[in-house]
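1. got a predicted model here, sequence first, then my questions.
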Amino acid sequence: MEILGTTLRVCVDDLERAVPFYERLAGGTALRFERGGVQVAAIGCFLLMSGPEAELEVLRKVAATIAVKDVDEAHRVLSELGAHIIAGPVPTPVGRNLIAMHPDGAIYEYVDRQGSGS
């Protein structure tokens, strides 16, 4: 499994107020989308999330997002290593993802940029 990078997940109260700071910090423009009632802004290595507290409570349990070349391969490797696949693989606005709990209890999101038809 090839890991391409990681994204830090940051829950914020006011996305509109937070985005300009992170855009200047990361030197880029936010890619915005909504998922499950949560407003999201991806900026460099940061994934800002804002929305209903009940949704954010769940999102806070995921330590980080890990970009991989292929989520299907990640699914296979994680399963072989004893990780518990909580959800996925499922399509996202930019590819596919899965959520896995490692044997130590840490929870991570794994994402790829492959289309949902692959």
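-> Thanks, I have the structure now. Residues are numbered from 1 along each chain as shown.
2. residues making contact with the helix or strand harbouring Val40?
-> Per DSSP states H and E, Val40 falls inside strand 38-43. The contact list for strand 38-43 (C-beta atoms under 8 Å, 6 or more residues apart in numbering) reads 7, 15, 18-19, 22-23, 25-26, 28-34, 47-52, 55-56, 59. Placement of C-beta: from N, CA and C, glycine included.
3. swap in 6 Å and give it another go.
-> Strand 38-43 has contacts (C-beta atoms under 6 Å, 6 or more residues apart in numbering) with 15, 19, 22-23, 26, 28, 30-33, 48-51, 55.
4. need the three-state assignment for the closest residue to Asn97 other than its chain neighbours.
-> Excluding the flanking residues, the one nearest Asn97 by C-beta to C-beta, 6 or more residues apart in numbering is Val111, at 4.4 Å. Following DSSP: H, G, I helix; E, B strand; the rest coil, the label given to Val111 is strand.
5. give me the pLDDT for Val111.
-> Per-residue pLDDT puts Val111 at 94.
6. farthest pair in the contacts of strand 38-43?
-> Gly28 and Glu55 (25.2 Å; C-beta to C-beta).
7. rewinding a little: now the contacts of strand 38-43: which count as buried?
-> Neighbour counting over the contacts of strand 38-43 (16 or more other C-beta atoms under 10 Å) leaves 15, 19, 22-23, 30, 48-51, 55 as the buried ones.
8. among those, which ones are in strands?
-> Those of the buried ones among the contacts of strand 38-43 mapping onto strands are 48-50, per DSSP state E.
9. rebuild these as a markdown table, extending it with distance to Ile85.
-> Shown next, in a markdown table, are those (distance: C-beta to C-beta, whole Å):
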| residue | distance to Ile85 |
| --- | --- |
| Leu48 | 26 |
| Met49 | 22 |
| Ser50 | 27 |
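10. can the residues you listed go into a markdown table with extra columns for distance to Val68 and pLDDT?
-> Formatted as a markdown table, these follow (distance: C-beta to C-beta, whole Å; pLDDT from 0 to 100):
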| residue | distance to Val68 | pLDDT |
| --- | --- | --- |
| Leu48 | 22 | 96 |
| Met49 | 20 | 95 |
| Ser50 | 26 | 96 |
